[in-house]
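[1] the following block contains a protein sequence and its predicted model.
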Amino acid sequence: MTSQKTHSITLQPGGDSFNVQEHESILDAAIRQGHNLPHSCRGGSCHSCKARVTFGDFHYPNGTPWSLSEEDLVARQCLICLAHADSDMQIIAKAVETPAEIQIKRLPCRIEKKILLCHDVMALHLRLPRVEPFQFLAGQYIDILLPDGRRRSFSIANPPHDAGLLEIHVRRVPDGSFTSQVFDALPERSLLRIEGPIGNFFVRKNQRRPIIMLGGGTGIAPLLGMLRDLLENQDDHGVHLFWGARQTRDLYLHDHLLEMASDYEQLMYSPVLSEAESGENWKGRSGWVHEAVLEDYPNMSPFDVYMAGPPPMVEAAKLAFTDAGLAHEQLFYDSFEFGADVIQASMS
């Protein structure tokens with residue numbers, strides 16, 4: 001049997017290094033070895049993982065990503081979520097610092113419960129081994145490791161103090177083999193393997209600015225974990241949550257969020273529909289969710305913003321909020337892609 005070729009990736013500044021095998025992306029190798037490099041969509045759209053290559057060669061198994069400009073290519077900017085190393089490399093990328101107790105682990109888990117939240121979203125409650133502590137930050141995600149070597153990423157929808165039972169939201173994707181299994185085949189008590197926690201999407205609690213949260217579709221999942229973590233720990237951050245969906249049937253946590261906003265005076269909740277039908281009798285807000293944010297807050301400079309959703313929503317919001325005065329260091333986001341068989345975290 002032919003052994004896998006491995007190459008060494010050195011991070012600058014700092015000089016930390018890790019090995020990457022020929023079959024995996026640079027980002028996957030970094031995560032596997034505990035290096036939390038900046039990333040989000042893992043599909044080449046958001047450019048959160050873009051790093052400049054100062055030494056070495058790489059390739060993209062599925063061709064050069066369309067989102068890279070000619071200037072990016074000339075400057076040897078690399079999307080490490082898609083790139084595979086062809087040699088030892090040196091890249092400029094700084095790992096995101098997380099508490100030392102947050103360690104990425106591979107663990108078995110059992111589907112404790114399946115709950116159909118709406119017509120195309122299923123909640124999975126995953127029971128972890130009692131003997132293996134699993135610590136995470138609200139907003140991070142896990143990868144479900146499939147038998148064929150592929151992985152599917154889903155945000156954790158519960159706060160860390162419920163760490164024995166993880167909740168993820170799975171949207172049915174047309175022709176998606178894993179999501180079809182979740183809806184049609186996988187029974188409760190089925191066993192899965194996960195890796196996590198992963199990601200740099202979590203609340204920076206040391207920053208005392210009021211918070212705006214913006215979710216699109218099942219992008220509400222990590223925001224729900226963040227909200228519960230803040231509110232149930234009596235954090236005094238003021239939070240205004242905007243949730244964008246197509247139609248009322250897609251607001252699968254609407255009643256729950258109304259109840260939370262009633263229970264916690266520091267929480268405001270604004271649902272926004274982009275495709276409300278005349279027969280729905282919708283009396284709430286309509287249009288694009290990021291535009292609703294700007295209607296309420298034309299000056300974004302006093303806020304920290306956390307948003308999660310599909311790349312078009314995230315990119316539109318980033319540009320609009322920056323134009324409205326939001327500083328780059330006050331914006332945190334998770335951007336996720338869907339495809340027939342490519343699912344990166346629980347978004348729509």
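    Nice, thanks for sending it over. Numbering: from 1, shown residues only.
[2] drop to CA atoms for contacts and neighbour counts, all remaining ones
    Will do.
[3] tell me how far the ends of stretch 132-139 are from each other?
    21 Å (C-alpha to C-alpha, to the nearest Å).
[4] ditto for stretch 287-307
    End-to-end for stretch 287-307, by C-alpha to C-alpha: 17 Å.
[5] and the average pLDDT for it is what?
    For stretch 287-307, mean pLDDT is 97.
[6] likewise stretch 20-32?
    According to the model, stretch 20-32 has a mean pLDDT of 89.
[7] identify the residues contacting residue 212.
    239, 240, 241, 242, 303, 304, 305, 306 (C-alpha atoms under 8 Å, 6 or more residues apart in numbering).
[8] one more pass at 10 Å, please.
    Neighbouring residues of residue 212 by C-alpha atoms under 10 Å, 6 or more residues apart in numbering: 238-242, 268, 293, 297, 300, 303-307, 331.
[9] farthest-apart pair in the residues you listed, please.
    With distances taken as C-alpha to C-alpha, the most widely separated pair in the contacts of residue 212 is 268 and 331, at 19.2 Å.
[10] low pLDDT regions in this structure?
    1-3, 96-101, 163, 278-279, 337-348 (pLDDT under 70).
[11] ok, now with 80
    For the chain, residues meeting the criterion pLDDT under 80 lie at 1-4, 34, 36, 40-46, 94-101, 162-164, 277-280, 336-348.
[12] okay, now the domains of it?
    6-92, 105-198, 211-335 (automatic domain parsing).
[13] of all those domains, which one is nearest residue 204?
    Using C-alpha to C-alpha, the domains of the chain put domain 211-335 closest to residue 204, at 9.1 Å.
[14] hang on, the earlier thing: ok, and the most crowded of the contacts of residue 212?
    residue 307 (28 neighbours; other C-alpha atoms under 10 Å).
[15] can you confirm that residue is in a strand?
    Yes. Counting by DSSP: H, G, I helix; E, B strand; the rest coil, residue 307 falls inside a strand.
[16] tell me the bridge partners for it.
    residue 214, residue 333 (DSSP bridges).
[17] ok, now how distant is it from residue 216?
    8 Å.
[18] and for the two, which residues touch both?
    242, 243, 290, 313, 314, 335.
[19] spatially, what comes nearest to the fifth one if we skip its sequence neighbours?
    Of all residues not flanking residue 314 in the chain, residue 335 sits nearest, at 6.3 Å (C-alpha to C-alpha, 6 or more residues apart in numbering).
[20] coming back round to it: can you tell me which of the contacts of residue 212 are in helices?
    Taking DSSP state H as the definition of helices, the contacts of residue 212 contribute residue 293.
[21] closest to residue 284 among the contacts of residue 212?
    Closest to residue 284, out of all of the contacts of residue 212 and judged by C-alpha to C-alpha, is residue 242, at 12.0 Å.
[22] OK, contacts around the closest one?
    Applying C-alpha under 10 Å, 6+ apart, the residues contacting residue 242 are 212-216, 220, 268-272, 289-290, 292-293, 307.
[23] mind doing that once more with 6 Å?
    Applying C-alpha atoms under 6 Å, 6 or more residues apart in numbering, we find residue 242 in contact with 214, 270, 271.
[24] who are the contact partners of the first one?
    Shown in contact with residue 214 (C-alpha under 6 Å, 6+ apart): 242, 243, 307.
[25] change it to 8 Å
    Counted by C-alpha under 8 Å, 6+ apart, residue 214 has contacts 241, 242, 243, 244, 289, 290, 305, 306, 307, 308.
[26] residues near the third one, how many?
    What it means is residue 243. Residue 243 has 29 nearby residues by other C-alpha under 10 Å.
[27] can you pull up the bridge partners for it?
    residue 215, residue 271.
[28] I figured it was touching residue 216, is that so?
    Yes. Counting by C-alpha atoms under 8 Å, residue 243 touches residue 216, with 6.0 Å between them.
[29] what is in contact with these two at once?
    Contacts common to residue 243 and residue 216, judged by C-alpha under 8 Å, 6+ apart, are residue 289.
[30] okay, the contacts of residue 242 in JSON lines with distance to residue 111 next?
    Formatted as JSON lines, the contacts of residue 242 follow (distance: C-alpha to C-alpha, whole Å):
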{"residue": "214", "distance to residue 111": "29"}
{"residue": "270", "distance to residue 111": "32"}
{"residue": "271", "distance to residue 111": "30"}
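[31] which of those lies closest to residue 264?
    residue 270 (14.5 Å).
[32] residue contacts, that closest one?
    240, 241, 242, 243, 285.
[33] need those in a markdown table with distance to residue 260, can you?
    Output for the contacts of residue 270, formatted as a markdown table (distance: C-alpha to C-alpha, whole Å):
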| residue | distance to residue 260 |
| --- | --- |
| 240 | 12 |
| 241 | 11 |
| 242 | 14 |
| 243 | 14 |
| 285 | 19 |
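[34] which of those lies closest to residue 160?
    residue 241 (20.0 Å).
[35] touching, the closest one and residue 213? I think so.
    Yes. Using C-alpha under 8 Å, residue 241 makes contact with residue 213 at a distance of 4.6 Å.
[36] before we move on, the earlier item: closest one to residue 49 out of the shared contacts of residue 307 and residue 216, please.
    Nearest member of these to residue 49, counting by C-alpha to C-alpha, is residue 335, at 11.5 Å.
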